Structure formats: structure tokens, C-alpha cells
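K.L.:
Let me see the structure of the following:
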Amino acid sequence: MVDARILHTTAALREAILRLAADRPVSAITVADVTRAAGINRATFYSHAVSPGSLLADVLTPELDRIREDDAELRRTPGTADPLSITRKGIDAVVDHVVAHRAIYRNALPDSEDASLHRLLVDHFTVSSLAHIAHMDPGQRPDVLDDVAAGFVAQGLLGAIEAWLAGPRRSRRALVDTIATTFPAWWH
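P.N.:
Presented below is the predicted three-dimensional model:
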């Protein structure tokens, strides 16, 4: 059983970093800001995280992991849907995640002083892409360098998200449609 104080502290840190990161870039958030907002001391902060950026990444990662796991489960279960629909469903879930945390990503992704969320997304999308390529039907899979193809897809997906967030207000559906259309044809 997990100590109630740990659960309370974890929830307070989560709420504090999400609120602070929605208001300003990660590089402008200090440990003192987080400890004040969470009602904890520095030692407690450092027992949970090494920096505000790493704390924010730790808070957002489980949501992204669930998206990856759901995609993998759909692909493993025969007859659930065609691969194109599964890919689109995964893109939809990623975009839902970005939209749910729009203010955070709008502040964090262009932050040249703290690239923790940029790295988080690139790494996450790369690992997801490598797993997808590894489980493709060999008859459908082109002869590509897996790491290069995964990096291409990961960087492209993040680039699309960054352009959408930085540009004029457009619908999430337009983003999903654009990403789905520009994915490599062999990907599905």
C-alpha cells in the first residue's frame, strides 16, 4: 500500500506543474515556484523530480504511454479494424492529448531554454514508431533503415504539431487529417 502522504504530494506536484506550465515556458518555472504552488519543500520536490521540466515530462508521459499501448493492442487483436483506421485512431489520440494540454505545449515546445517536452515527444514518437515498424507484416514492410524511418516519422509528427500550435487557430480535425494524409503510404 502506498503512503497517503506520497499520493497527496504526487497529486499536488502534478497539479502545480500543469498549472504553472500552462501559464509560462518551462524554463521560466523555478523549483521555488513549484514548491510554493504544491505546498511542499525543496527536499520533497527533489525526492520526486530533478527539475520542473523533468517533472512535467513525468506527468505527461503516462498519457502518451496509454496511447501507445492502446495502438499496440488494436494492432495485435485480429479483426478489430483495418491498419489505416488504427493509425488514424492513434493520431486522433495524440492530437486529443495535445489539445488537452494545448497551453502547456504552446509554451514548452518553442522554449529554447528547456527542450524537455520536445525531447519527450520525439523520444516517445520514435519508440512508438520503432515498435510499429518491428511488428509490421514483412510482406508489407519496405526495405528501410528502421531507426531512420522511425526518426523521420517522429520528427514529422512533432513538426506538424508544432506548426499547428504556432499557426493561426485551426481545427483539430484539420490537423488529424493533414497528419494522416502525409504519413508514408506504407506505414499503415
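
K.L.:
got a list of what residue 85 touches?
P.N.:
Listed by Cβ atoms under 8 Å, 6 or more residues apart in numbering, residue 85 has no contact partners. No exception for glycine: its C-beta is placed from N, CA and C like everyone else's.

K.L.:
Can you name the helix or strand that residue 111 falls in?
P.N.:
Taking DSSP states H and E as the definition, one finds residue 111 inside no helix or strand.

K.L.:
Identify the residue nearest it in space, chain neighbours excluded?
P.N.:
Nearest non-adjacent residue to residue 111, counting by Cβ to Cβ, 6 or more residues apart in numbering: residue 25, 4.1 Å away.

K.L.:
Enumerate every residue touching that neighbour.
P.N.:
Residue 25 touches 107-108, 110-111, 113-114, counting by Cβ under 8 Å, 6+ apart.

K.L.:
Looking at neighbours, which among the residues you listed is most surrounded?
P.N.:
Tallying neighbours with other Cβ atoms under 10 Å puts residue 108 at the head of the contacts of residue 25, with 28 neighbours.

K.L.:
and residue 82, how far is that from residue 186?
P.N.:
To residue 186, residue 82 is 15 Å away according to Cβ to Cβ, to the nearest Å.

K.L.:
sorry, back to before: now do the phi/psi pair for the residue nearest to residue 111.
P.N.:
Backbone geometry at residue 25, expressed as degrees, to the nearest 10, gives phi -60, psi 150.

K.L.:
Okay, it and residue 103: tell me how far apart.
P.N.:
11 Å.

K.L.:
can you check residue 43 too?
P.N.:
30 Å.

K.L.:
which of those two has more neighbours?
P.N.:
residue 103 (15 against 8).

K.L.:
got a list of what the more buried one touches?
P.N.:
Here residue 103 is in contact with 21-23 (Cβ under 8 Å, 6+ apart).
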